[in-house]
Every structure is written in C-alpha cells, then in structure tokens.
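A.B. asks: only the shape, not the letters, is given here:
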C-alpha cells in the first residue's frame, strides 16, 4: 500500500501493539495428555473468520443446543483507538468454544466424575452421571460450559464427537464460510491441522486463550490479538446473545 | 497512543458469562432419580445421529438408512445457494442443512460433476482432510431457516379474508371455490360486485381511449414478485404470455436497483442491467463502496470465502467505503482490509474526486480507452473496450443533442429505418483529426475531443465521451469533493493512486448502499472507475457472471419459451412509468398547450420495471389504476421506504384495488391486506432452476426439487397447492393457452401436457441436460438412491422420455449443473475470463444523455457525475429538510443473519434478537443519549421508538438501522384462521424497520415515495432525521 496519509492510523495502531511474548506455551510440544491413537484439536485462523455465525447456528442445529445457550459463538468486537485525536474503529472477531484442555479445570471439580477427557483428547460429559451441579461451569476458564435447560445436565462443545467418531467433521468446521476453523489430529504430522500449526509455529504465530490458566488448551489461534487473550469485559453492542454460553 | 485499559474495547456481544442462578440445581440433581432424564445418549445429548460413517483408513462410506441426504437449493435469501439437506426418513423432518460440494455458491473450488454422489459425501468428510480442502458451507441463516418448514405461521390452505382488509381474520376455503371466485368474480365480500379475472382479461378495450398508449384493460391486472427463485419463467408464462398483462415486476427497485441501473448505464443495457464483480481470487486491490462482502450481499458465502482467502493467503487488499463498519473489516488482517466511513449518499463525490485525480495525473489507461471497437482492442491484447473515443453531439438546441454522432449524420447512406440504429456507426476522430466510423477504425482514436465537425454541410459541435466525463470530474475541486463526502482530499487521492497501481488487477463495485436520492449517478460513477483502468474481462479485474443453462428456453429438448396462442408482447405503458413520457398523450396535449413539462408524476425511461411506483401510482390512478393485484412472495409494504404511510388507507379500500390475491407460504406486511392468500411451497418442498446472481465466473444452474413432501393441502389428484397448481387451475378455468393437455412441444412437434409442476420443471431439466458442449452423463442407480432422487423416480419416468430420465436424475442428484471450475479462465488466453462481456462500455450513455427529466424538462447528464440527493423536481433534499432541522441521516445496513423474511427463525433471534439503532459517540453526546437508551427517531415520513447503541463504527451524523426487524407480521401478530388462532410470539416484532421512516416526495402531487430520478429506486440511505430521548 502506498504511504499516503490514508492508512496511517491503522498502521500506527498495529505498530503500537505490545510485542507478543514468547512465553505462550505451545501444548502440542508438550507431552500429550491424550493417550490414544488420535489427539483431536482445532486451529482457528482469525484472519479468515468473517463473523457470520454459521458455526454458531450449525452447532445449535446439529446438537439441539437449547435456545439462548451456545456451545460455540463468534464474539464480535468493535475496537476503538484514539489516534491523533481521532477515533478509529475496526472489527475484531473471535470464535470461541470448549478448548478441550490437556489439563481441564472442569474435570477435577466434578463430584460424580461425570466429566472426563477421552483418550483422543475430547473432553466430554457423561449425561447419565451428571447431576447438573454446575461446578464445572464455574471452573471453566473459557466460560464454555452451561447447564442445558432441557436436560438439566452440564453441556458444552464435544468437537461433535459423534461425528468425529463417524469419520466426519464437527458441524462448525464443515460449515465455516471463511475457512477459519481447521480440525484434525495432532498426532498426524501430515494432516492439514499439523501442517498449518507447524508452519505458523515457525512464524511464532500460534496463540491460545488464557495461556496463564495452565489448562493447556487444544484450540489454537492464528491472528489472536493479545488484548483478547484474556477475559474481555465490555458493554454489549451489535451482537447481543440473549443469555449465556460459550 | 497507548492501549491502556479494556474500557477502550467495546465488546460487541460475544463473551457472555454464565449468569443463571443455581436455585434450580437441587431439582436437576433429583431429575435422574425421578426418571425425568430424557438424555438420548450418554455422551452426545440430543445431537443428531450422523448421516454417514466413513472408515478413516479406507474412506469407505456407509450411509445411515434412517436419513436421506439430498442436494437442492436454499431459499433463505436471494443468493439461492446449492445446499445439502439431511432429512429424517421416518418423520420427513429436515434435520440440518449444509453446503452442496458441487455448487460454486457453497464450495471453492466446487466438485466436478463427474464425481459420484458417493464420492461427494466422502468429499465433505474428515477422511484425508477432504472436507477441509473442499469445505462446503451453509451460512447462519441457511442453517437456521429450516425451522420455517414446521412454522405454526404457515399458510397451508387457501384463505379468504373475513371482515375488512388487514383485520387478521381468515376463513379457509376449498381450492375450487378459490378458483371460481377469482375467475368469475361477484359480490365476494358483501361489499358489492368485484370483477373476476375472466372479465378483467380484456385484451382489446383500451384502459383510456384518450390515452391509447396505456394499452388494453388487461394491464390493470398486475403482479409483484421478488426475485427469480427459479420459478419466474413459469409465473411469466401465466401472467404475461397466457393471461396477457404487461405488468409483472420484481423487487429490484426497492432492493439494490440503483446500483444495477448505474451499472446498466456503463454496460449499455439499462433494462437487463449487467454487472460485474472483482475476480476475487486474483484481484490485488478491491474497492467496495456501499457494499460489504463477508457481511452481506449476493453471493454472501462465496464472496465471504474468497475475501477471507484472498486477504489471508492471496494478494488481496481492499477498502470498504460505507457509513457503517461491518464484518468486511477484520483487524487480524491488518492493512489488508480497511474501512473508510463516508457521509450517506455522497459516494459520487468520492468517485468523481478519484476520477479527477486519475485525469489530472494521467493514471487512466489511455491505451485501453483509445480503442474505438472490439477488434482494435483485441488486436492490442485487450478483452474489452469502451466508447471513450466516440463523439457526442453537444450543439445546443440541435435535434441530436446528447446523442452520438452517427455515420448517417456524415453522409453514410442508410435506409431511413436503419438510421441511428445498430448499423449506423459511431464516429471517432483519428490521429490525423479525420472523422472515422468506429467500426471501420483500425487503430486507436483520439481520447479528448472537443470541437466542430462538418455534418451535412453544417458545422456541428461534438465532444468525445471521455472528454465529457473529464469535464464532469473537473466541475468540482478536490476540496469540494472532500467536503461533500467527508473523506479527506488526500485520502481520495490515495485511493485513486492505489486503484490505479495494480494494472488490470483492481476493481470497484457497489450495491445496496447506493439506494440514495442520487443513487443512480453514484453507482454509475463507481462502475465507471473500472472503465478508466480497463479491467473488464481480465483475470483479477472486473469479471462477469457465468450465467446458467437455460431451463425455460426454446430447446434443445422442449420449447418452454413459446406456445401457440401466446401473447407475443403485451402492449402498453407499464404501471411503474419506466417508459418515455414523450410517448404519452399527456405529453402531446401539454406540448400543444405550450408547456410539455412537468408530467403529472415522473417517468423513468431508463429504468426497468418499478414496483416502487406501483402502489402509489394505483392510489393516484396514474398512469392508471390496478383492478387486481397479485403478490407472489413479495412484501412491498415492508420493503419500500415510506410506502406504508402513503398507501395503507388505499390498500384497505376495496374500491381502490378491488382484488388483492397473494401466493405465499406466510402472511407478511403486504398480503395481510389481501382478499385471498393461496399457499405456496416453502424451501426444500419446492421446484426451481436458478442461476447465480453474480460472482460465479462459470455457468451454474442450481436445481431445487421437492426433497420432502410439501405440507400444503393436497388436491384430489394428490398435488399440493402452490403457485404452479394455482396458475394451472386458473388457466384451465379461463381456457388460457399455454397450459393443459398438449401445451408443451418438443423439437419434433410432439406435444405434452402442462398440468403438474413436474411437467414444467423436469422438462426444463431436460433442456439443461442437453445444453453445453455435450449432454450430461447418466445418473447411476447408486446416485439416484444415495441422493434421495429415488423418491422422484416415478415422476421422472412418467414425465420424461426414457433417454432423459437418467440425465435429469444426474442433475437433480447433484443439485444442479455446474461448469467445471477449471474453465474460469479462457482457453485462448489464461489472463482473460472465459465468460466475457463484449459490448463496449458506455463512458457516455446516449439513452441517458438524450433523455429529459419528465418533471423539469432538463436533460440528464449522460455520464457519471456528482449530484447531491434531490427530489423529483430537482430540489436538493437539504433545501427542504435542512440540517438545522434534521441534523442526522438514516442509513440501512444488513447483517449476515437477518433479511426481510427470516425473523421468525428463532435460532437467529437467539443470537441477535433486535436491531438497536447505531449512533456515533459524538452524536450520542450531542443528543444526550447513552447505549441502551430508548429514543424516538423521527423523519419527515414518520417516527419510531427504538433503543440506541453508541457505536464508534458509524459515520458521525448517521443513524444506522439494521434491516430485517420491526415486523408487524410473519408471526408478530396472531391471525385467526377459521377457529384456530396462531400463537403469540411478540419477539418476532422486535426492533424497528427503517422503511417505516421513508419519505414521500414533497415536490410531487398525490401519493408518492422518494425515489431516484433516473432509476426510480427507493431512497433509504440519507433520510433526514432527528433523535431524542423517548
């Protein structure tokens, strides 16, 4: 782009971003918590996300997610910056879901051992055991769990384990319009997920949400703005999910 | 600058903490003990059973026999994507919708047709990551609208109103009664006699003997529909070719028509209005003005996917110029995408400012523009050309003023009827200052001509098209343009520089944001930018849609285009007055009286059919009244800004429009006024053949076929009531040609019946199968079984010739016929598109430049220009509604989720339940408002109460209203049908509808809405407004 004044504000804004520290753990380099043949994970390339919520709705339809709850959603932010006395606005989008952590804080708090990590890395809830106490809901650093109004059970993203077990893709991945969501097996070095992760890792471009939580999540992001890595407080604006969820 | 606190960040929804209380926990804990736990599955809750199982090692597919997976078409918006629909076989319930991998509207690149259905299922799976590379998607709305199939608000039986119009009470009536009452008429409502369709089909008697140009009385029967959803040809066959009315119109004039008209001016066809899109995959710089790919638009998904790909892994940089920040912006891609806010309705100032810079800095493509015809262009390696060098007569008062100089003006001998037609060449000036006929020119001509030529022995002042455009560009200074549009002059210059820095690999387009009181010229200006860099038909430049394979053509298997007894060309003047005023008796009489202008109301000779003008025109009886109005999947009362306030009383009055009949699966704001509503098929129950609206460079014909059983009431012969069965029955009752036994002929002259929908759509499918380089292949038994086409096999075998059955099944199984993606670029030249537009681009459009405004009598400018928003008599909007009184301007924008008919889908409302009006922080401070405040927004056309949200992503001075909310119907009001009352769902009525704030035109007589003077299109961007705390 030419160096006219037109775009200086955006550039200045980007240059002012804090340098990304190298302290972010890359869990795929650590010993896998999944002991099985597969270790399912997701990579979200935020640059490709168009915030269309196709993932959100497909998840609802596939998984009969009750009204006003979400297993996944794309948080949409309007970011404003003061630059040279002018307010510059931009859109930032962030798909969210259960991070299927290697050290899932939701598991140890369950009083009835209903929630656990499968040997392929997917964290699930045993609906027969769950008593709906919601301890796990509180323990999740990603606000990814909720109590399903219809079943009274803890509910959350399962990576569409029922589809993955059938050789299919999670609903949100299948229908991701921008192609932002990549799903695959961390144990398959030739698979698309690992190829993209490995390439991005070279460029130090992989990040996770709340790395400091120690949960060692398996949802990785490219293009994750560090300001959104933690919890974002703010007032609801354009998108206003009517209750709660991922 | 510092990034200090989180308070700088406005979280627009997004992360919402779990907040429900824990009081219910005890009861939940007891549920399993009480046996109330209905969990279907230990780990997967109520998730759906998978439709397939794919062996991860071998890719072997096993289908779930309890489900059917079929490829058909989505009707969730006007993009009409190819989708795959999962159905529970036992209940017939649609479970989920995703993309069709054969469809370029859902998949990039799309699967070749030769892939079997089995292969297509594996292609979307996790096997070898195939489903990532060939991801085939449905959007949020496309995922959600299946809910409408089981909507409690569906119209499933013919209904007749009870009591006055719009009272929300209906009586179901038998189909036979419906047909009898509509065709015969009578005292249908105890309000006096109503003329039936038989009597109204008067093809001989003029509407007004004093004004014979209006045509016969049959024109007083009129139909408004929305888009070609794949059934338009059937509707036209009934209304126009068989019944014989001229008046059949779509929704374009209150959708994005201003853009289409502006584009049509450049492309030289203001009725069909061709338009292009950036060739996203190879465009290096795209300028989107009043349109936001990845946020909304058509095709929504395809543009979104290509934009995401281009900005991330390709070479695409883009700028979106719009009063509202959208999801076209994504801060994660840094400088690849940018948003530039602009004042509403001032895009023309921006683009004319850019043109001024391009002219001043010689950054237009002079070599390209100098080619006077296609042959010279091609010899120079260009795949398109323009009329930049063609000479225009500018002699004041000359009868040819505003028209191109033609060969016959310079003495070329032509039969009189051929003068000024296709064979009468244009004239250019060559390098030796000699006039040359454009078609005889063998080399480049002069670009900037302003002088005198000798014509018929007389000197005649002429100018070249490009000269005229340059003069328009230089009418204002850079600072004047900047002040008008609110974008700094250096930014305008930077945009012009950037746009002209990528050779052919840049493009500028617009769309719905053009709907302003000067929308036509703004749009003409945007698209003219493309001509100045000569990017049309180039890889990476402006590319044309590939079109489709025509189902309702004259062959190659069946003639669906014409039939014996057909009304060849309905005669008369259209209700929307999209015709020259100068051809009316009114003009002749006024001219004879010494004052030809103004006309009683504006005429629009350079516009297509205009639904915007129909209802007010009918109310005024000008040009004539409507006796019977059909509303087919149309909702003009919701969609036309300002029209409800103008014509609500007229619609209530059966004396104004004696008969209103709607064909629709739902009750909307318009057909709530109907006398009768006839149910129509919905979504996946329905038939149709549709091509893409734009941005698909290869040929694409998407098939829609009933993948589930229609829910509407069935006739005695088992056919479900819908548009087709209704028109077939009306035709039979009136003995119209073109329907019934023997109505369809094949190429040998054998005839076949048109008595059922499949008689039409399956034969249309046969036509599609035999078009192209060679007919499609035969479907295998497995294709037919796996795709669910098996359920249509009896219809296929009963309707088609044996050799056609498997070919049509091949297309239905794949959800359409699609040209291979690898044929996007030309075989002859890989830098050119395969599908190209060959006519010259009209830098100057003589149909425009020679036309006069029917109110002022002044000539229109024949090329792009900057003009502020005006009313019909040329008065600027701000003269009548000054900023001092109306300090703000309203604009409309769309989200990715809602359109004008999706609000009843509860899962969309769950994500985004209402549309609070956006206002800039500076305006919020000025008017003392905070986010969440209730406010009254007022325009000269009305007022609404709305919540406001303070939002940095809007232009100061603008109130932005998201489209799709503020419904009064579609479930917002519970109607009583017979003894049954529909449920109450107040949430469907949430939010506000900007169109309820639209303006009348204070300079017009009678009822009116504010429309653009050239294109006749609605004005919804730039409505003067005030806001105050409620």
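C.D. replies: Perfect, I can see it now. Predicted model, so just to flag it, every value in this text is computed and none were measured.
A.B. asks: give me the nearest residue to the residue nearest the centre of chain B, chain neighbours excluded.
C.D. replies: Residue closest to the average C-alpha location in chain B (CA atoms, centre = their mean): residue B:252, at 5.4 Å. Once flanking residues are discounted, residue B:252 sits nearest to residue B:260: 6.2 Å by CB to CB, 6 or more residues apart in numbering or on different chains. Any C-beta I mention is one placed from the backbone N, CA and C, and that applies to glycine too.
A.B. asks: do residue B:920 as well
C.D. replies: In space, and not counting its chain neighbours, residue B:920 is closest to residue B:956: 4.5 Å by CB to CB, 6+ apart.
A.B. asks: count the neighbours of that neighbour for me.
C.D. replies: Under the neighbour criterion other CB atoms under 10 Å in any protein chain shown, residue B:956 is assigned a count of 17.
A.B. asks: now swap in residue B:375 and tell me
C.D. replies: Residue B:375 has 13 neighbours, counted by other CB under 10 Å.
A.B. asks: how about the one 4 residues further on?
C.D. replies: Using other CB under 10 Å, the number of residues around residue B:379 comes to 11.
A.B. asks: pLDDT score for it?
C.D. replies: Residue B:379 carries a pLDDT value of 97.
A.B. asks: go on, residue A:76?
C.D. replies: Residue A:76 carries a pLDDT value of 89.
A.B. asks: what helix or strand is it on?
C.D. replies: Secondary structure from DSSP states H and E places residue A:76 in strand A:73-83.
A.B. asks: flag every buried residue along that strand.
C.D. replies: Buried residues in strand A:73-83, counting neighbours by 16 or more other CB atoms under 10 Å in any protein chain shown, are found at A:73-81, A:83.
A.B. asks: quick one: is that strand near chain B?
C.D. replies: Yes - if you take CB under 8 Å from any CB of the partner chain as the test, strand A:73-83 does meet chain B, through A:73-83.
A.B. asks: which residues does the residue nearest to residue B:920 contact?
C.D. replies: Shown in contact with residue B:956 (CB atoms under 8 Å, 6 or more residues apart in numbering or on different chains): B:920, B:922-923.
A.B. asks: out of the residues you listed, which are buried?
C.D. replies: The neighbour count (16+ other CB under 10 Å) marks B:920, B:923 as buried among the contacts of residue B:956.
A.B. asks: just send the contacts of residue B:956 back as TSV, with pLDDT too.
C.D. replies: Shown next, in TSV, are the contacts of residue B:956 (pLDDT from 0 to 100):
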residue	pLDDT
B:920	95
B:922	95
B:923	97
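A.B. asks: tell me how far the closest residue to residue B:169 other than its chain neighbours lies from chain A.
C.D. replies: Leaving aside its chain neighbours, residue B:169 sits nearest to residue B:162 (4.1 Å; criterion: CB to CB, 6+ apart). Distance, residue B:162 to chain A, by CB to the nearest CB, to the nearest Å: 34 Å.
A.B. asks: just the pLDDT at residue B:162, thanks.
C.D. replies: Note on residue B:162: pLDDT of 98.
A.B. asks: that's all I had, so thanks and see you.
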